[in-house]
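Trainee: only geometry, no sequence info:
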Ligand code: WTA
C-alpha cells in the first residue's frame, strides 16, 4: 500500500517542450481528441479507415468487425495480405538503400543491413524453409539470440504463412520442450550459442535436450545459425546449417497471401493457473496495432533511429523490433548483449554511437543503471534523443524523474506504455505531443481503445476511483485465442462472473481526478520479475516436481531493482532442515527451478517449515505468506491456524 499511496500523491505535471510539440505527429490535444471522438462515434469506420491507410492489402476487406462469436472476434476477415510483404517489399521502392537494422554485437561489432538486403535474406531463408517442406499453418519454434537472423527467421515464417513461436533464449530445455509439444512444431530454428555479457551461452544443446524429451517427434528439422562456431552435436538428417540451407536459394520468394485472421504467431505467457498459455495473434489486426502505436505513441518519423531494447522472446520484441519498426520503414538498433557489459554505460554509448532518437526500455533496466552509475549518462552525447519509453511494469516516480532529467536532459517526453502479450500493442500510453505527463502514470488510452475501470461487481467506475482494468470493446490487435484451448481464453479474459462482455486485463488500476490511469499491478497470481511475467503456480509445480519437496507456495516481494522477487515457502518430505543443511537444500532447489523453467524463475529466498499456514478448509493463506515474505507485521486473523509455531519457522530464510 505504501508504494501505491506514494504513487498517488505524485502530482507533478510535465508538459512537452514546444520543440517537441511543433514536430509531433499528433500535434495537440485537439487532434488526439478528434481521433478518439471519431472512434467513439463510428468505431468500425475508424478502424476500417486505419486498416486501409496503414496496411497494403492483396485483396481489400469488405467487413470490418464480426462480433457474432463473442469473444472470438474477427477483424477485416475477407481481406488478404502478407505481413512480411508489408514489412519489407513495401519499402523497396523508396527505401531500398535505407538501413533497416543496425546490429551491435555483445563485443561491439556493428553490422548494418539495408531494406534491400533484409528482403533478400528473408526471401532466401523463406525459400529454404519451403525446401524443408514447411508450409502455411505449420508451427515453427524460434530459439535464437538477439540478431538480424532472429528477425529474418520471424519474417521468413510470416512470408510463407508458417506460424512462429519464439521461445526466449533464457528458457530451459523443459520449457522449450513443453512449447514444442503444445504447438506440435515441425521445425526449430536456433543457433549454436549466444553471447551475452562476454560469455557464451548454449542454445543448440538445449534444443537437443528438449527434443529428446519429446515423445511425439513432430520436429523433423532443426536449422542452426552459426553464431560462435563452437563444436555441437550433430543429428543427421534433422540438423541443417542456416548458411547451407540458403545456398543457391532464389533471392525472391513469392509471399503466401493469407486471410486477415490467419495466425501470425503464438507466444507463451504465464497466467494464474496451469501451464503457460499460447497466446495466438492474428495477421492484420496485430500488424495494424503495431503500426498505429509506432506512429501515435513513438511519434515515428522516417528520420528516426529507433531502439527498443527488448528481446524478441517477449511480446515487446515482437511488436517493436520484429514487426512495427519494419512495417513503418524505420531504421532500428538491434543489440545482442546486456546493459551492463562491459560497463553500465553501454546503453548510453550505443545511443551516442548510433544517434538513437527514440529509446524504449524497461523500468528494471533503468533502476539497475541508476544504481550502477547515476552520473554515467553525462559522459556521453545523448543529444540525438527526442523521446523515451518505458514498458513492462509500473515505473516508480524516482526512476521516471532520473530518466527524464539525466537521460532525456529534461527535453524528451517519456511514454509510459501499458499493454500486455495479449493486447499486442500499446493500450494506455501518452500521445507525447498532446498529453502532459505525470511520473508513474501511463495517462490515457490510445484512440479507439475503450479502456475502463470496473468494480468487483462489474459496474463501471466512471470518475475518480480504482478497480479492475478492462477494455470495453474488442480491438484489432487483441489476441484471438489461446492455442488449442479456446475455453481457457474465454474463461480467463471474458469470465462470465464479471459480465463476460469486457476484456479483463488482470491488472488493477486507479483513475485520478484528471482522468489519468495509474496501473497498480496484477490482481491474479502472476508475478512481474524484472518486467517478465511468471505464474506462482508454475514455480510451485516446478518445486514440487523435485523429489525432496512435499509442498510449496510462492509469493512476490518488492525489490529495489527487479520490481519483484520470488520468495518460496517449502515443506520437505522429510524433517524441516536447519542450518547448513537448509542452505544446501535451498541452493539445490534454486538450481532445480532454474533448470525446470529458466534462470529468471529462480527464487531469491527459500524458507522451510514443517507445514504451510492454511485455513480450516485447507487453503494456503497466501496473504499471510506475503506479509511474512515482506517482513511485515502479521495483522491477519491467525486464530484458525493449526500450528501457529510454523510462522516462526517461516520467518527465517535459508538463503
Ligand atoms: C505489466 C509486456 C504498469 C502489467 C508488454 C501487465 C505494466 C503485464 C506496464 C503484461 C506499464 C506492462 N505500467 N504495468 N507501463 N506495462 N505492465 O504480457 O501488469 O509481458 O499486465 O507484456 O505487465 O506483461 P507482458
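Mentor: Perfect, I can see it now. These figures come from a predicted structure and were not determined experimentally.
Trainee: Show me what the helix or strand residue 627 falls within is packed against.
Mentor: Applying DSSP states H and E as the criterion places residue 627 in helix 622-629. Counting contacts by 3 or more CB pairs under 8 Å, 6 or more residues apart in numbering; DSSP states H and E, helix 622-629 is packed against strand 549-559, strand 563-572, strand 605-608, helix 645-650. In short, each C-beta sits where N, CA and C put it, glycine included.
Trainee: Could you identify which of these is most buried?
Mentor: strand 563-572 (a mean of 24; mean count of other CB atoms under 10 Å).
Trainee: Residues contacting the following helix or strand past that strand, please?
Mentor: Later in the chain than strand 563-572, the nearest helix or strand by DSSP H and E is helix 579-596. For helix 579-596, contacts defined as CB atoms under 8 Å, 6 or more residues apart in numbering pick out 172, 174-175, 539, 542-543, 545-546, 548-549, 568, 570, 572, 577, 601-603, 606, 608, 654-655.
Trainee: Just the buried positions in helix 579-596, please.
Mentor: Using 16 or more other CB atoms under 10 Å as the test for burial, helix 579-596 gives 582, 585, 586, 589, 590, 592, 593, 594, 595, 596.
Trainee: Name the residues of this structure found near the ligand, please.
Mentor: Residues of the chain lying close to the ligand (CB under 6 Å from any ligand atom) are 269, 314-316, 391-394, 416-421, 442, 505-507, 519, 521-522, 528, 533.
Trainee: those strands in the stretch 51-200 of the chain, which residues are they?
Mentor: Taking DSSP state E, counting those that start in this stretch, the strands of the stretch 51-200 of the chain run over residues 65-66, 74-75, 80-81, 99-104, 110-114, 139-143, 163-166, 187-191, 193-196, 199-202.
Trainee: repeat for the stretch 401-550 of the chain
Mentor: Using DSSP E, counting those that start in this stretch, strands in the stretch 401-550 of the chain cover 414-417, 451-454, 465-471, 481-482, 503-511, 517-522, 526-529, 532-535, 549-559.
Trainee: List the strands paired with the shortest one, with their directions.
Mentor: It stands for strand 481-482. As defined by DSSP bridges, the strand partners of strand 481-482 come to strand 277-281 (antiparallel).
Trainee: any idea how far the partner strand is from the chain center?
Mentor: How far strand 277-281 lies from its chain's middle: 12 Å, per CA atoms, centre = their mean, to the nearest Å.
Trainee: ok, back up a step: would you turn the strands of the stretch 51-200 of the chain into TSV with mean neighbour count and mean pLDDT?
Mentor: TSV is the format used below for those (neighbours: other CB atoms under 10 Å; pLDDT from 0 to 100):
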stretch	mean neighbour count	mean pLDDT
strand 65-66	17	98
strand 74-75	24	98
strand 80-81	22	98
strand 99-104	22	98
strand 110-114	15	98
strand 139-143	26	98
strand 163-166	25	98
strand 187-191	28	98
strand 193-196	21	97
strand 199-202	14	97
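Trainee: if we can go back for a sec, the contacts of helix 579-596, buried ones only, as a PyMOL selection?
Mentor: Of those, the buried ones go into a single PyMOL selection, burial set by 16+ other CB under 10 Å:
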select buried, resi 172+174+175+539+542+543+546+549+568+570+572+577+601+602+603+606+608+654
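Trainee: Can you say which of the residues of the chain next to the ligand are buried?
Mentor: For those, a neighbour count by 16+ other CB under 10 Å gives the buried set as 269, 314-316, 391-394, 416-421, 442, 505-507, 519, 521-522, 528, 533.
Trainee: Identify the residue nearest residue 122 in space, chain neighbours excluded?
Mentor: residue 155 (4.5 Å; CB to CB, 6 or more residues apart in numbering).
Trainee: I should have written residue 211 there, sorry.
Mentor: For residue 211, ignoring the flanking residues on the chain, the nearest one in space by CB to CB, 6+ apart is residue 219 at 5.9 Å.
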